[in-house]
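Participant: Sequence plus the predicted model coming up.
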Amino acid sequence: MKLEYLFYYCAPNRRSDRTVIEMILSWTREEASLISGNWQGASEHINRQPDFRSSGFTALAVSPSSEPVDVLQGFCRLLAQTALAYQQACGHRVDWHRIEVEPGRGSAMIVFEHEETSVGEQAGLAALLLMEEAFHEVEFDLGERRPEREFSAFIEQFKKHATSLVQPKDTGAIISAAGKLGVPVIKLERDPYEAVKGDFRIRMNSMLMLGHCAHRQVIDGTFAIERSGKAAPLLGTGHQTLQAAQSLGIPAVAPGDNVQPSHSLLLAGHEPCFLKDLRTGDLETSGISGDIVSMCAQASHALDVGMLEVQLQCVSNPGQPVSLSGARVVRINPAPRLDELCGDAEQVMADAAERFVKWLVPAGAGSRIPIAAVTGTNGKTTTSRMIARIMQACGWQTGMQCTDGRYFNGELLESGDSSTLMGHYRLFEDRRVEAAVLETHHRGMAEYGFAFDWCDVAVCTNVTHDHIGYSNIHSVAEMGVLKRSLPERARKCAVLNADNPQCLAMAAHLSVPVCLVSTRLSAVELQSTDPAPIYLCVLEHIDGQDQAVFYSASGQEPRRSVIMPVAHIPATFDGMAKFNISNALQAISASKVLGVADDRIREAMSGFSMGVSNTPGRINFYEGLPFRVLVDFAHNPDGALQLADFANKLEVTGKRIVAFSSFRSDETIYGATDSISGRYDHYFVKEYGLPPGYKSVVFPRPKGMVINMICKRLAENGIADQDVTVISDEMEAVEAALNYAQEGDLVVLMLGYTGMEVIEEFMSNYVQQYRARHT
């Protein structure tokens, strides 16, 4: 039995809204037979584990029938429940799992909940090791994930590690309350964040961020760090809390008096929540009133804290006047530990947590910003940039995360791929941002999860053959299912490219309103699809021009809006760049659904052009030479074909020359080569530019193999040897292609991971040197 994949989802994800571990296992028929034959003894062995006794775990509860499929399902369910039991035994509150067995493929997906990633991972490995011990005749291949320690030592280390990372119960109650109220929560001590440690911390494993951007509130335990700053000095014990009580006009014991409290009053959202008799442990949740209660409520307002515990010493019922109860403050605690106060009274704790969240985010205050999320094989970055430009035209302070970096109002704040989970979280930390555009890379969806539980609008530009073979995705159809997980999280609308079969097929699986976009089909044709879309965006020939037209059927009568001629969008190059027409229609659709006015869309799109500063690596022309130079990162079959079609529409008096390579799967490389074959006059074949030291684990190939594959395919496609030049190094091939070019030629440079800074510097130097040589 082999552990093929292990994914750690640390946010809402394609499998669940919970944080989960996903295992992919494979086995042979012989191994399945051995599992069936050893089930009874193995189950008894697992039941004897002392770590499971407190959790009430019983392996025999999942005993299968003798059917082969049932045996494998039983094994997988047992594995998932064992992983949960290990976590539960250490205090982690997890209970959800899911399995999918594919007998024909001899594999299964096992998904189980975790609260902390490393604990979930180790629990999964512990479960596998225990299964290996129980089903001792089956060989388990864990690869590099097999622990170096002996099983017993590994378990002891796991228990110590897991126990130190238990989330407090009241933190869990706050998260649940926020979910109930629709307030987004990010755990700041869980992956991909690292725990902040220090004496200033109130309670480890409890730091949360509630709300996005300007709405965000950071809490440590039950203390709002920024909002309740004036109460921070009271986080200690002793004289300061007594002085604070006296300054607020509340009777207090004298400093130095050794007085033990008799009652504890908890206020949440400035209102009394419960009164606890510390002598008996009894909780009173109704009818809590009296002078001292009113005084404490006033103190809560004055300190502006969401929760306040006031420990009292009373000679009689605290609800009586102070003159009779003798109530005096012993301590004021602005960061009470709800779970310790409430004990097993979970509903009382839940009510207090909900009041706390309502104090943090009052009704009508808002906790979210508009989010447009964009995925797809090609075009997602350009589409994201178009949407961001439209948002800016509306006056929104706009944040954008994409494969090029982190942006605010079009200004690059940080370069590097920001299109996955941590990049998106970084945007939500920025208080300036009022609207967000999140390019969402397939790997982030496949392996990490989403930074949000839902977005307003989700766009899928297309699904084509690229990235196949990674993240347990083995076909375009499977990639389509993966990318569908983004529009499944849209609330207002899913914008789908109807010209792409995989995108169009998503509509039938979505419960959210759908907008279908097409550059080929008419509104009538799109409206006849099943299910019928609520919104449409198409091209219509009006007044002699192809114009973007948006249809909405969301009201009582369908509405038609003629937005603008697509030739007026500079990025379409007078309509020659068909791929950017599609991108523009999708950006327009997302913006319309968000409520953007047509004139703001026209304003933004009429100024959106392709260039190094605006769309680096995507249709970048370099001038200053007697021939034109076009740089683009296209490398997969669809991207290469779209680029070649565009290059052939450009007016060129000389030759069309391309410097080309591709990578990833054989199908991608051959498909991209087919896309360029016959569409250029000369081919410079090179290695795909990869980062230094990069080695593909999925598609390992010796140097020169990709070049040989491309050259062989070019020959098969009828390209003559004299029209092909092989230069391995990417930048040397670029220079050779430029040196080969003559006046009137077009040189298309299809580059790999060579950074735009490198290309910019190279092209600047090349133009200067060329001019110097020819002056």
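Facilitator: Right, received. Where do you want to start? Residues are numbered from 1 along each chain as shown.
Participant: What residue spans form the domains of this protein?
Facilitator: Under the assignment automatic domain parsing, the domains of the chain span 2-163, 229-336, 371-605, 620-773.
Participant: gap between the two ends of the second one?
Facilitator: Think domain 229-336. 16 Å (C-alpha to C-alpha, to the nearest Å).
Participant: Let me know the average pLDDT across that domain.
Facilitator: Across domain 229-336, pLDDT averages out at 88.
Participant: Can you get me the centre-to-centre distance for it and its chain?
Facilitator: 43 Å (C-alpha atoms, centre = their mean, to the nearest Å).
Participant: now stretch 133-142
Facilitator: Distance of stretch 133-142 from its chain centroid, counting by C-alpha atoms, centre = their mean, is 35 Å.
Participant: could I get the domains of the chain as a markdown table with mean neighbour count and distance to S176?
Facilitator: C-beta here means a position set from N, CA and C on the backbone, and glycine is covered the same way. Putting the domains of the chain into a markdown table (neighbours: other C-beta atoms under 10 Å; distance: least, C-beta to C-beta, whole Å) gives the following:
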| stretch | mean neighbour count | distance to S176 |
| --- | --- | --- |
| domain 2-163 | 18 | 11 |
| domain 229-336 | 18 | 15 |
| domain 371-605 | 21 | 13 |
| domain 620-773 | 17 | 39 |
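Participant: so can I have JSON lines of those domains showing distance to L210?
Facilitator: Formatted as JSON lines, those follow (distance: least, C-beta to C-beta, whole Å):
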{"stretch": "domain 2-163", "distance to L210": "15"}
{"stretch": "domain 229-336", "distance to L210": "11"}
{"stretch": "domain 371-605", "distance to L210": "11"}
{"stretch": "domain 620-773", "distance to L210": "38"}
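Participant: what about dumping the CA coordinates of stretch 203-212 to CSV?
Facilitator: In CSV, the C-alpha atoms belonging to stretch 203-212 read as follows (Å, rounded to 0.1, in the frame of the first residue of the first chain):
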residue,chain,number,x,y,z
ARG,A,203,-3.3,33.1,25.5
MET,A,204,-1.5,30.9,23.0
ASN,A,205,-3.4,29.3,20.1
SER,A,206,-6.1,31.9,20.3
MET,A,207,-5.1,34.9,18.1
LEU,A,208,-7.7,35.6,15.4
MET,A,209,-8.4,38.3,12.8
LEU,A,210,-12.2,38.9,12.4
GLY,A,211,-13.2,40.9,9.3
HIS,A,212,-11.4,42.0,6.2
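Participant: Same question for that stretch: list its buried residues.
Facilitator: Using 16 or more other C-beta atoms under 10 Å as the test for burial, stretch 203-212 gives 203-212.
Participant: ok, and what's touching that stretch?
Facilitator: Contacting residues not belonging to stretch 203-212 are listed as 116, 165-168, 170-171, 174-175, 178, 183-189, 195-197, 201, 216-221, 335, 337, 357, 360-361, 367-369, 428-429, 433, 436 [C-beta atoms under 8 Å, 6 or more residues apart in numbering].
Participant: gap between N717 and E687?
Facilitator: Separation of N717 from E687 (C-beta to C-beta, to the nearest Å): 20 Å.
Participant: looking at this structure, which helix or strand does the model trust least?
Facilitator: One helix or strand of the chain scores below all others by mean pLDDT, DSSP states H and E: helix 239-247, with a mean of 76.
Participant: what's the very next helix or strand once past it packed up against?
Facilitator: On the C-terminal side of helix 239-247, the nearest following helix or strand under DSSP states H and E is strand 263-268. Here strand 263-268 is seen to pack against strand 271-277, helix 291-303, strand 307-313, helix 338-342, helix 346-360 when contacts are counted using 3 or more C-beta pairs under 8 Å, 6 or more residues apart in numbering; DSSP states H and E.
Participant: Many thanks, have a good one.
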